[in-house]
Structures are given as C-alpha cells and as structure tokens.
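Visitor: Sequence first, then the predicted structure, then my questions.
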Amino acid sequence: MSTKSAIPVLVKTQDQELVKGLGLTSATTLVMGSMIGSGIFIVSAEISRLVDSPALLIAAWLITGFMTVTGALAYGELAAMMPRAGGQYVYLRESLGPLWGFLYGWTLFLVIQTGTIAAVGVAFGKFLGYFLPSVSSTNWIWHIAKVPPIPLGPMVLGNMDVGLNTQNLTGIIVVIILTIVNVFGVKTGAAVQNVFTIAKTSALLGLVLLGFAVGRNAIAINANFGDFWRHASLSAKHAVQVGVDGPTALVGTLTILAVVQVGSLFSADAWNNVTFTAGEVKNPKRNLPLSLALGTGTVILLYIAANFVYLNVLPLDGTPTGQTVLERGIKYASEDRVGTAVMLQMFGSMGAALMSIAIMISTFGCCNGLIMAGARVYYAMAKDGLFFKSVASLHPKYKSPAISLVVQGVWTCLLCLSGSYGQLLDYIIFAVLVFYILTIAGLFVLRRTRPDAERPYKALGYPVLPAIYIVMALFIDIVLLRYKPQYTWPGLIIVLLGIPVYWMWKRSGAEPEAA
C-alpha cells in the first residue's frame, strides 16, 4: 500500500489514540509560553544598533507583530480543518506533498525545535549564574575540545567549545526534568505550562506597568521622543555589514527593517507549536484558531509595550564604555540585556535580581512548551513511516509519545554539549520563514484542490492578508540572502540535505503503521 493512500486511515487512528487533555486555556498558554523566552529582553539592543532610530525600533516590532498575527490567523484555518497531531507537518504534507512535510519535520528535529530548546535551557543556566556564580560557561567539568573558527565564504563555522560546563549542565538537567514531566501525559505537561506561562506573562506585564508608572526617565524621554523619527525616512541610509567580516553596505529603511527581523521574528516565534498538539486539543475546530489569535495577539501587545518602556527608561544611544546603564543606553546594554538594564535603572541591584528570576521562569516555561509540542511532530512522522518506527508508539498508561520525547531530549542534550546550538539558531531563521511561506501558500492550494472540505474557521482577510504575509516574508528572505548570507545558506543546506534522507526512508520500504 502506498503512503499516500494510507494517510486518511492514519489520521483516524491518531485521533483515537491520543488523550484530549488541552482546553482553550491550556492551548492559549502553550502559544504564549512557547513565544515568550528571553529574546524580548535582549534583541532590542542589536536592533537599535542597526536601525539607529526610536521610530524604527518600534516599527521593527510592529512588522513582527503584523506578520505573527497574520500568520496565526492563516494557520487557524488549517488547524480547524485538520486538527491532527503534527500540525504544520500535516498541513505541508496534505497541501504540497509528503516530501515537503518531511523536510519540515527533518529541519524541526535537527535544528529548529531541538536547537531552540538547547539555547533556552542554557539561557536558564546563564541567568541562574546571577545567583550561583559557580554556574558558568567557563566552569568546565569536562572540556573536550575547542573548535577553531573555519572561514567559509561569507560565513564562519566552528569557533565553539565542546564539552560539559556547569552552565550547559544546568540546561541539560532542565531538558531531562521537563522531558520526564511530559512523559506523564499531556495534562501534566499542560499544568506545568499553565503555571509558568501565567507567571512569566505576569512578570512581563509587571515590567510594562512599572516602567510606565515609576520608570519614566526625563533624560531618556527627551533623547528618544524629542527626535523620535530620526533616520526613519524611506530615503535614509543605514549601514549593514555583509556576511562575516565583509564590506559595509548602505541600505534603505525597508531593507534594514527586513535585516533586523532576524532578532524580533525569532523572539516571537514558536506560536505554531500549539498546532503540533492539535490531536490532544478539546473541541479543536474552535479552540485551535481561538488560541492562536488570543495567544499571539496578547504577546505581541506586551512586546510592543515593553519596547516603549525601554524607550521611556533608557536613551536609545549610548557608549559601550559607559559606566552607568544610562550612559550605555539601549544600544550598549551590558551583554545586550536591555530588560535587566531597565530594571537596574528603576530598582538598582534588586531590580536586576528580579529580572533574572523572571527570565528563569520564562525560559523554564518556554522549554516545557517546546518539549511538549515538538515530540508530537516526530510521532506523526513515524506514523507516516518517515521516522523511526518506535517513535510512533505511545506510553501504555499515560498515552504520551514517550519515545519521541526521549529521542528529542537526547539530541537536544547533545546539542547542549556541542556548543553549536547558538550558531544553528542563527542559521535557521531563513528556513523557518521558508516553511511559513510554504504553509500559507498551502492554504491557497487547499482552497483550490479541496473547495468542499469542512472549514469551521476561515482565515480572516483571505486572500489579501495571507498574500501580504507571503510577500513580506519573501522580501525578508531575499534581503537576508543578499546581506546576511551567514544566516541563510547554512539553513538552506540543512533543509536540502533532507531530500536524500527522505528518499532513503522511502526506499527502505517503511510503511505507515496503520497500513
């Protein structure tokens, strides 16, 4: 029997096996919890250095917000139409064919999901080091090797330490604990997710409210809002370095806004993770589109408000040698920790400690959501005969994809040890956008090829808003190919390497389990 002919049977079997343990609240906290990590507290420094304008800093986050919410509204239709475990993998498989679904799952497992989990887990260790100085990337337990930098055209590979230190050990422990928690079933994982998402959303909301209520600084307000629109005209030119150690090019305002989406889009990513768990969502035809809209909308509003707070508390401009947080400004906040600098300015050392606690809560909850959701994709792939057969099995008691969780956890821990997760994440934002473009293009394909399919929810603004998303994402990818090749070609190569792997799976004779 062919894989294609077996898919309808698989879909039915999948839904019957899984426990419907996620209501609207849990689905929404999964969206929000997967989005909010540590990025919102850090990436505004890099964005500010590139755009050199308060108005463009906000514009960058508005673009991210528009694209995120528009993408979520489009995914809402696909999720309500096909509420299956695997989510985006299923949408690509059904609209464009099994190869495209596999390439997404392959990249997700190899880099996107596991690399993000590794980075977020190690970030937990980094901020734990604020309270326990012995938790550090320089405190080695077992230093295996130092990989030297390897120049390759506009890219530099390597340049990383391989081994076990107290910081990445902390990340590994977080991954192991949360993997075990999620083996105990979707309801247990959801309970952890609810607690930590509510806690970190409250912390982010607290930062916003405190920033506007007591943090307003006359020097920052005058510097930022007295000349808010500086360097923001469409004719303005902005310097951007092409590749690693490449020449500096002068680009227009729209181009620089596309370049900085590497940071802001990634900080708002992973909202699609709730679709991976669709087979376990109660009343998915209602709750999936609603959770996507509520979750992304709430987080984006908080992100934009947080950046207005940054501009109210700290001047955009500064100097890297500044002795105080005001002198360093947003651009040169220590280690790019803008959120910590804001709290330090408002409340002194106590504020910095509170921010470290908030980020630890945020990263722990983010890890849980990513671990819970990612395992469902590899489970769905195994059901289709495109991953290890054992990964398609569920825990006999808790009905969780236990082996899928363990396989994901092992690979994530190896990435933590390799020290390569940071580079990998730089490489995949291009690929992430490519898969978003393909999935939303699949929405158009399914409207044409399956016009009579049940659609409990139809994408708001179709076809205009999804088409605008595709155009904007294509523009960003083209700009990144031109000006940031170090972020694009490696990700593209990782995706393309999946093609021979796909055909090897096919030739191995692996058939879907239900077949």
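Guide: Ah, there it is.
Visitor: Any idea which residue is closest to the centre of this structure?
Guide: The centroid of the chain falls nearest to residue 269 when counting by CA atoms, centre = their mean (3.4 Å).
Visitor: Residue 368 versus the residue lying closest to that one once chain neighbours are set aside, what's the distance?
Guide: Spatial nearest neighbour of residue 269, excluding adjacent residues (CB to CB, 6 or more residues apart in numbering): residue 432 at 6.5 Å. Bear in mind the C-beta positions are built from the backbone N, C-alpha and C, glycine included. As for residue 432, its distance to residue 368 is 21 Å (criterion: CB to CB, to the nearest Å).
Visitor: What distance do you get for the residue nearest to the centre of the chain to residue 110?
Guide: Distance from residue 269 to residue 110, by CB to CB: 17 Å.
Visitor: Same check on residue 57?
Guide: As judged by CB to CB, residue 57 and residue 110 stand 33 Å apart.
Visitor: quick one, which of the two is more surrounded?
Guide: Of the pair residue 57 and residue 110, residue 57 is the one with more neighbours under other CB atoms under 10 Å, namely 27 against 19.
Visitor: List the buried residues in the helix or strand hosting residue 477.
Guide: Per DSSP states H and E, residue 477 falls inside helix 464-483. Going by neighbour count (16 or more other CB atoms under 10 Å), the buried part of helix 464-483 is 465-466, 469-470, 472-473, 476-477, 479-480, 482-483.
Visitor: If we only consider those, which is nearest to residue 452?
Guide: residue 466 (20.1 Å; CB to CB).
Visitor: That closest one reaches residue 75, doesn't it?
Guide: No - at 9.9 Å, residue 466 and residue 75 do not qualify as touching, with contact defined as CB atoms under 8 Å.
Visitor: The longest strand belonging to the chain packs against which elements?
Guide: In the chain, taking DSSP state E as the definition, the longest strand is strand 140-152. Under the contact definition 3 or more CB pairs under 8 Å, 6 or more residues apart in numbering; DSSP states H and E, strand 140-152 sits against strand 155-165.
Visitor: Which SSE is immediately downstream of the strand it packs on?
Guide: Next helix or strand after strand 155-165 toward the C-terminus (DSSP H and E): helix 166-183.
Visitor: Mind listing what's buried along the following helix or strand past that next one?
Guide: Going down the chain from helix 166-183, the next helix or strand is helix 186-213, by DSSP H and E. Judged by neighbour count (16+ other CB under 10 Å), helix 186-213 contains these buried residues: 186-190, 192-194, 196-201, 203-204, 207-208, 210-211.
Visitor: following helix 186-213, which helix or strand comes up?
Guide: Heading C-terminal from helix 186-213 (DSSP H and E), you reach helix 218-225.
Visitor: now that next one: how far from the chain's centre is it?
Guide: In terms of CA atoms, centre = their mean, to the nearest Å, the centre of helix 218-225 is found 32 Å from the chain centre.
Visitor: repeat for stretch 467-478
Guide: With CA atoms, centre = their mean, you get 18 Å for stretch 467-478.
Visitor: Stretch 491-509 too?
Guide: In this view, stretch 491-509 has its centroid 24 Å away from the chain centroid, taken as CA atoms, centre = their mean.
Visitor: same question, stretch 276-291
Guide: The answer for stretch 276-291 is 20 Å, by CA atoms, centre = their mean.
Visitor: now do the same end-to-end measure for it.
Guide: With CA to CA, to the nearest Å as the measure, stretch 276-291 spans 13 Å from end to end.
Visitor: Okay, buried residues for that stretch please.
Guide: Applying 16+ other CB under 10 Å to stretch 276-291 flags 276-281, 284-285, 287-291 as buried.
Visitor: I'd assumed residue 46 was in contact with residue 263.
Guide: Yes - at 5.5 Å, residue 263 counts as touching residue 46 under the criterion of CB under 8 Å.
Visitor: More neighbours: which of these two?
Guide: Ranked by neighbour count (other CB under 10 Å), residue 263 and residue 46 place residue 263 first, with 22 against 16.
Visitor: Where does that one sit: helix, strand or coil?
Guide: Per DSSP: H, G, I helix; E, B strand; the rest coil, the secondary structure class of residue 263 is helix.
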